[in-house]
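J.: Predicted model and sequence follow; I will ask about them next.
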Amino acid sequence: MKRWAQPAAAALFAAALLLLWQVLAERQFISPVFFPSPSRTLAELYREVAQGQIWAPLEATAYRMFCGWALASLAGVLLGAAIGFSRAARDYLEPLLDFMRPLPASAMVPVAILFFGFSNAMTIAVIAFGAVWPVLLGSLHGFVSIEPQLADVAAVLKLPRAQAFAKIAVPNALPDVLAGARVGLAISLILAVVTEMQASQTGLGQNILLAQRSFRSPELYAGVVTLGIMGFAINHAIVLLERRLLRWRGAPA
Amino acid sequence: MRRILRGAAIPVAIVLLWEAGSRAGLLPMDTLSRPSDVAVALVRAFADGSILRSTWQTVEAALSGFAIAAAAGILVGVILGLAPLLERTVAPSIEALRPVPAVALTPLTLLLFGFGLRMEAAVVAFACLWPILLVTVAAVRGIEPRLLEVAQALRLSFASRLRKIILPAAAGRIVVGLRVALSISLIVAVTVEIVMNPRGLGYGMIVAAQSLKPDLMYAQLLWLGFLGWALNALLSRAFGRWHGAFGPGVRP
Amino acid sequence: MNRIVIAALVTALAAAPAAAQNPKANIGYIGAADFTPLFVAKDKGLFDKHGLDATLTRAQIAPNVGPAIISGDLQIGMGTGPNLLHAAEGGLPLVAIAGASRMKKENPIAGLVGRTGAPIKAATDLRGKTIASPGLNTMLTEMLEKWLYDHKVARNEYTLVEVVFPQQHDMLKSGRIDATITIEPFRTKMTSDGTGFNIANYVGEVNPDLLAVLWMSRRDWAEKNPAAVRAFRAAYAEAIEWCRSNPDEAKKIQAKYLGFASPVNPDYGVEVKLSDMEFFEKVGRELGKLRGPVDVTKLVWK
């Protein structure tokens, strides 16, 4: 098959979905006030880009998302390592973490506002709270599922613990950590948007909320599309990063 | 025994600090309330049945959405897993749809279904679909090719192939995806209730907060945490200890 | 003879339930004291008395009500002047069928409260400050923006954040916000324990007799159910009268629905005047909230 055939097929499929959306919108099953067509949405998006209105909120949301995600990843790896290697840490932390995990991050916002105020620090804290779990679970799995032979090798070579950690545990855990980080990033984006809505922070989330409340649906959907594009682009970037970092492994994860 | 004591150490310390802090007037009472008040509110909510009613509403919506997502996700995932060309055609569109926060869809589902179970289940289904779909595709793709060749050689029908070879081989990983989705279902259901749908625990928390009863709000929040924890504990019992969407871990 | 009587009785009995089919309405409200007459009308059977089969649904926040009316979940829902104008601009077929409450200068139910110790005496002192409001595009917030605009304070010279009423007290105390738009009973709570002080009765300064909350419906529903609209108005008016004559019992009913009783109550009023909507239209255009003029005559249901 020609090299361009696959991407072309994918593009065609996406176009078919857009066409379906256009048809549904024009049929007006749902009032066009709440369900705009792709043409109106894209026109609005174009207007926002052309007039430069979109960059400031986009930047604000992206900044919080990345900071929250970075904090979550760091915390996740550290906690995963602690629980993976220390029985004491596991005993003390695991029940608490198991209980905190199912709590929706949006329920934490009022408490976070009390401690951090209406600031970036607050949103970053909430995002980190929600995004830490996949990274934590991924690193925990990565650290505890070390191939027994590798552990034997470390023992035979009498590697000091620090070296064993750096040379064996970390590379072994890396694929799982990265997979967890990827999920964590998706969660970070969602939480960045949700916390903006709840705590009046400027950004894409607040734009979407205000558009919804003023019944301006093309703006609402333009915002959602922007989020979709952002998520898509970031995910792609991470996949490329993963491939580079894990090249030494050979087969893809 | 030592493990139980250690596990309880930090939570108990937090509760004691919280109680002491509020009694000393250090913590803002309008928003935080006190552990002792929260406990009383929780007992009362059980006594009058309100929390059980809300719980059932939330769980109903979460499970309905989950079931829809599971059925659709596994079916489509199997098809895409078996047909790599089709999967590569569809994948970019999925990647574009996946990052849309399910909560952003609440206005749309409200207009389609109105208040109630269906709108919430729809949002939950959207959120749960992706992990199930992606894990199923990966699981089916990872099936030992020889198994599939055997199925082909035996000329098994699609249904038989599914039942006898594909699902059993992929089951382990699919189950992990289902567990992730199940946890998501509860969180998303509650979020929809906080934001829009007037039913369930999420709605109960908002009404409690607005009625100036933060103790009742925290009672429901803690109960929610307990529910999530209990669900996970139950699943661990049934399917073995897991550590996320990456397969069961080997404990040292 | 007996058979005729029996036949007549059966016919009469069969007809009776058909006549007793009152129009139904699901009515949406939020947790505020403005809706006490609604609770009273339901509790005291006034809706039934006037021929309306009413159910009440509490929404988490005001912006949820409009979409629920459009989707048909609610037949009647609370709203404000600005809501209705934005809806009209957006092409939504909503109309005001009755009023719920008014804000009069001499009974300031809402106001701006500043944190004790913050150097805020006049509107101009709010430059550079963080002000909390219950909702970023609510009527109360828009009136504050108008008040500041009248005092030559531009929108980009202050920050508005959303904080729901129950949390405003703690936010003010902890210094997270410098001032807040609030209503009774929260305002008394803040001023009586020294957390805050009254800056201004800004609503009264902007408009001494303002339509605060109204009841809205979909135009096509109102067209198809004129009897229901009349019944609602009549029941509501009677409930308002009842609240005036039975203040203590009204408080009890209020506490039943809201979880608390408000020491100060708004001025209830079931009328919607064209001049009310004209005022909001003018302010909306002045502040740039509306993209163009809106024909308000279409928004008030006769």
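T.: Yep, that arrived.

J.: contacts and neighbour counts: CA atoms only from here.
T.: Will do.

J.: any idea which helix or strand of chain A has the worst average confidence?
T.: When each helix and strand of chain A is scored by mean pLDDT, DSSP states H and E, helix A:161-164 comes last, with a mean of 72.

J.: quick one: that helix near chain B?
T.: No - using Cα under 8 Å from any Cα of the partner chain, helix A:161-164 never reaches chain B; the gap is at least 15.7 Å.

J.: Point me to the residue of chain A nearest chain B.
T.: The nearest approach of chain A to chain B comes at residue A:10, 4.0 Å away (Cα to the nearest Cα).

J.: Need phi/psi at that residue.
T.: As for residue A:10, its main-chain torsions (degrees, to the nearest 10) stand at phi -60, psi -40.

J.: and it, how many residues sit next to it?
T.: Residues near residue A:10, counting by other Cα atoms under 10 Å in any protein chain shown, number 20.

J.: likewise residue A:7?
T.: 13.

J.: got the contact list for it?
T.: residue B:89 (Cα atoms under 8 Å, 6 or more residues apart in numbering or on different chains).

J.: Ok, residue C:151 next?
T.: Neighbours of residue C:151 in contact, by Cα under 8 Å, 6+ apart: C:123-124.

J.: Up against chain C, what does the stretch 151-253 of chain A have?
T.: Near chain C, when you scan the stretch 151-253 of chain A using Cα under 8 Å from any Cα, you find A:198-201, A:210, A:213-216.

J.: part of a strand, is residue C:216?
T.: Yes - using DSSP: H, G, I helix; E, B strand; the rest coil, the secondary structure at residue C:216 is a strand.

J.: Okay, the closest residue to it other than its chain neighbours and residue C:77: tell me how far apart.
T.: Spatial nearest neighbour of residue C:216, chain neighbours left out: residue C:96 (4.3 Å); criterion: Cα to Cα, 6 or more residues apart in numbering or on different chains. Computed as Cα to Cα, to the nearest Å, the residue C:96 to residue C:77 distance reads 10 Å.

J.: ditto for residue A:213
T.: In terms of Cα to Cα, residue A:213 sits 15 Å off from residue C:77.

J.: re the thing from before, CA atoms only for the least confident helix or strand of chain A - export them in CSV, please.
T.: Provided in CSV are the C-alpha atoms of helix A:161-164 (Å, rounded to 0.1, in the frame of the first residue of the first chain):
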residue,chain,number,x,y,z
ARG,A,161,21.6,-0.1,46.8
ALA,A,162,21.9,3.3,45.2
GLN,A,163,23.5,1.8,42.1
ALA,A,164,21.1,-1.0,42.0
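
J.: Just the ones of the residues of the stretch 151-253 of chain A next to chain C in helices?
T.: The helices, defined by DSSP state H, take in A:198-199, A:210, A:213 from these.

J.: isn't residue C:257 right next to residue C:39, touching?
T.: Yes - between residue C:257 and residue C:39 there is a contact under Cα atoms under 8 Å: 7.1 Å.

J.: Mind listing the shared neighbours of those two?
T.: Counting by Cα under 8 Å, 6+ apart, nothing touches both residue C:257 and residue C:39.

J.: isn't there a strand covering residue C:117?
T.: No - Residue C:117 is assigned coil when assessed by three-state DSSP, not a strand.

J.: returning to what we had before: residue contacts, the residue nearest to residue C:216?
T.: Residue C:96 is in contact with C:84, C:214-217, C:272, C:299-301, counting by Cα under 8 Å, 6+ apart.

J.: change it to 10 Å
T.: Residue C:96 makes contacts with C:76-81, C:84, C:214-219, C:222, C:271-272, C:277, C:298-302, as judged by Cα atoms under 10 Å, 6 or more residues apart in numbering or on different chains.

J.: So which residues of the stretch 1-150 of chain B form helices?
T.: In the stretch 1-150 of chain B, the helices defined using DSSP state H, counting those that start in this stretch lie at B:2-23, B:29-32, B:35-47, B:50-82, B:84-97, B:106-113, B:117-141, B:145-153.

J.: If you could redo that for the stretch 151-253 of chain A, that was the one I meant.
T.: Taking DSSP H, counting those that start in this stretch, the helices of the stretch 151-253 of chain A run over residues A:161-164, A:170-199, A:204-213, A:217-245.

J.: How about the stretch 101-250 of chain C?
T.: For the stretch 101-250 of chain C, helices defined by DSSP H, counting those that start in this stretch occupy the ranges C:139-150, C:165-173, C:186-192, C:202-206, C:219-224, C:226-245, C:247-258.

J.: Near the nearest residue to residue C:113 once chain neighbours are set aside, how many residues? Count them for me, please.
T.: Closest residue in space to residue C:113, ignoring its immediate chain neighbours: residue C:198 at 4.6 Å, by Cα to Cα, 6+ apart. Using other Cα under 10 Å, residue C:198 has 18 neighbouring residues.

J.: Show me which residues of stretch C:96-108 are buried.
T.: Using 16 or more other Cα atoms under 10 Å in any protein chain shown as the test for burial, stretch C:96-108 gives C:96-105, C:107-108.

J.: Repeat that for stretch A:97-115.
T.: A:98-110, A:112-114.

J.: Likewise for stretch C:186-204?
T.: For stretch C:186-204, the neighbour count (16+ other Cα under 10 Å) marks C:186-188, C:190-191, C:195-204 as buried.

J.: Run through the residues that contact the residue of the stretch 151-252 of chain B found nearest chain C.
T.: In the stretch 151-252 of chain B, the residue that lies nearest chain C is residue B:211 (4.7 Å; Cα to the nearest Cα). By Cα under 10 Å, 6+ apart, residue B:211 lies in contact with B:205, B:217, C:31-32, C:166, C:255, C:257-261.

J.: Now tabulate these in JSON lines and tack on pLDDT and neighbour count.
T.: Listed next are the contacts of residue B:211 as JSON lines, based on pLDDT from 0 to 100; neighbours: other Cα atoms under 10 Å in any protein chain shown:
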{"residue": "B:205", "pLDDT": "88", "neighbour count": "24"}
{"residue": "B:217", "pLDDT": "87", "neighbour count": "28"}
{"residue": "C:31", "pLDDT": "85", "neighbour count": "20"}
{"residue": "C:32", "pLDDT": "85", "neighbour count": "21"}
{"residue": "C:166", "pLDDT": "80", "neighbour count": "20"}
{"residue": "C:255", "pLDDT": "91", "neighbour count": "17"}
{"residue": "C:257", "pLDDT": "92", "neighbour count": "18"}
{"residue": "C:258", "pLDDT": "88", "neighbour count": "23"}
{"residue": "C:259", "pLDDT": "85", "neighbour count": "18"}
{"residue": "C:260", "pLDDT": "84", "neighbour count": "20"}
{"residue": "C:261", "pLDDT": "84", "neighbour count": "21"}
